[in-house]
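Everything below, folded, please.
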Amino acid sequence: MPRPVRWTLLALLLLLVVLLPFGLFGESLEAWTATFIATTRNQPVFTGLVLGLLLVSDILLPVPSSIVSTAAGYLLGFIGGLLTSFLGMSVGSLLGYWLGKRAGRGAATWIVGGQELERFRVIAQRWGVWGIIIARPIPVLAEVSAFAAGIGGMDLKQYLLLSSLANLGISAVYAATGAFAASSDAFFFAFGASLLLPGLGMIVGKKWGGE
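Residues are numbered from 1 along each chain as shown. As a prediction, this is how the structure comes out:
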């Protein structure tokens with residue numbers, strides 16, 4: 001089988017893993033989430049736990065993460081919403097990386113071959129940081145990038161640094177939006193913050209590495 005065809009099959013498999021739950025459960029899960037947000041107010045610990053778990057499960061389920069993170073700020077205040085969103089997104093990102101590394105590498109080796117996967121690992125190590133930074137605030141691509149980072153064998157510390165900084169930027173903007181001023185433009189601010197913080201982290205890391 002030609003190389004482009006094998007890589008196309010792998011890409012389609014990753015998209016299928018992410019998109020299939022949207023078709024099966026997307027509407028019902030979004031409706032349940034909206035109902036939960038509308039009816040919970042006086043149980044902050046329980047609310048934070050449920051919202052955090054929803055964000056963790058976003059790596060595999062069609063959770064409306066922007067709505068959940070904004071609701072966390074609205075229901076729990078800025079600090080509570082920030083912590084809930086950040087922890088939920090970060091654990092979900094790590095879960096995606098782990099699934100890609102533990103389960104995805106076997107499938108990837110079978111589809112594209114060990115030699116091609118090693119080549120992908122080298123490319124991911126060198127250029128994958130930009131994929132993590134750019135894809136993190138974008139639905140579907142965020143989940144695919146987490147799986148791909150694990151499949152490609154990206155350094156775990158590097159992945160944690162970049163994904164955590166991106167998640168912090170996204171969570172801060174959505175939590176602030178929910179806590180202070182709900183706005184339909186929140187995504188664009190979150191997108192900008194998710195790019196800015198990892199970019200600064202990379203600059204600082206390179207500076208420290210050169211000293």
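
could you say which helix or strand contains the closest residue in space to residue 163 that isn't next to it in sequence?
Of all residues beyond its chain neighbours, the one nearest residue 163 is residue 93 (4.3 Å), with distances taken as CB to CB, 6 or more residues apart in numbering. For every residue, glycine as well, the C-beta is placed using N, CA and C. Under the assignment given by DSSP states H and E, the secondary-structure element containing residue 93 is helix 65-99.

same check, this time on residue 143
If you go by DSSP H and E, residue 143 is part of helix 141-151.

again with residue 134
Taking DSSP H and E as the definition, one finds residue 134 inside helix 114-135.

Can you check what angle separates the longest helix along the chain from helix 141-151?
Ranked by residue count, the top helix of the chain under DSSP state H comes out as helix 3-39. With axes from the mean of the first three to the mean of the last three CA atoms, to 10 degrees as the basis, helix 3-39 and helix 141-151 are set at 130 degrees to each other.

about what we covered before: what helices or strands is the helix holding residue 143 leaning on?
Applying 3 or more CB pairs under 8 Å, 6 or more residues apart in numbering; DSSP states H and E, one finds that helix 141-151 contacts helix 3-39, helix 65-99, helix 105-112, helix 114-135.

Out of the ones you listed, which one sits most buried?
Ranked by mean neighbour count, the helices and strands packed on helix 141-151 are led by helix 65-99 with a mean of 22 (mean count of other CB atoms under 10 Å).

how much distance is there from that one to the middle of the chain?
Relative to the centre of its chain, helix 65-99 is centred 10 Å away, using CA atoms, centre = their mean, to the nearest Å.

model confidence over that helix, on average?
Here the mean pLDDT over helix 65-99 is 92, rounded to a whole number.

name the helices or strands packed onto that helix?
With contacts defined as 3+ CB pairs under 8 Å, 6+ apart, the secondary structure elements packing on helix 65-99 are helix 3-39, helix 44-57, helix 141-151, helix 156-180, helix 186-210.

Measure how the shortest one sits relative to helix 65-99, angle-wise.
Read it as helix 141-151. Angle of helix 141-151 versus helix 65-99, following the same axes, to 10 degrees, is 10 degrees.

Could you do the first one as well?
For helix 3-39 against helix 65-99, the angle by the same axes, to 10 degrees is 130 degrees.

so how far is helix 3-39 off the chain centroid?
Centre-to-centre, helix 3-39 and its host chain are 13 Å apart (CA atoms, centre = their mean).

Give the rounded mean pLDDT of that helix.
Averaging pLDDT along helix 3-39 yields 74.

I'd like to know how far residue 9 sits from residue 145.
Counting by CB to CB, to the nearest Å, the gap between residue 9 and residue 145 amounts to 19 Å.

Sorry, wrong one. I was asking about residue 134.
Residue 134 sits 8 Å away from residue 145, taking CB to CB as the criterion.

Measure how buried residue 161 is and give me the count.
Under the neighbour criterion other CB atoms under 10 Å, residue 161 is assigned a count of 18.

From residue 28, how far out is it?
Noted for residue 161: a distance of 36 Å to residue 28, by CB to CB.

and for the helix holding residue 143, what are the contacting residues?
Counting by CB atoms under 8 Å, 6 or more residues apart in numbering, helix 141-151 makes contact with 14-15, 17-18, 58-60, 92-93, 95-102, 104-105, 108, 117, 120, 124, 128, 131-132, 134-136, 159, 163, all of which sit outside it.
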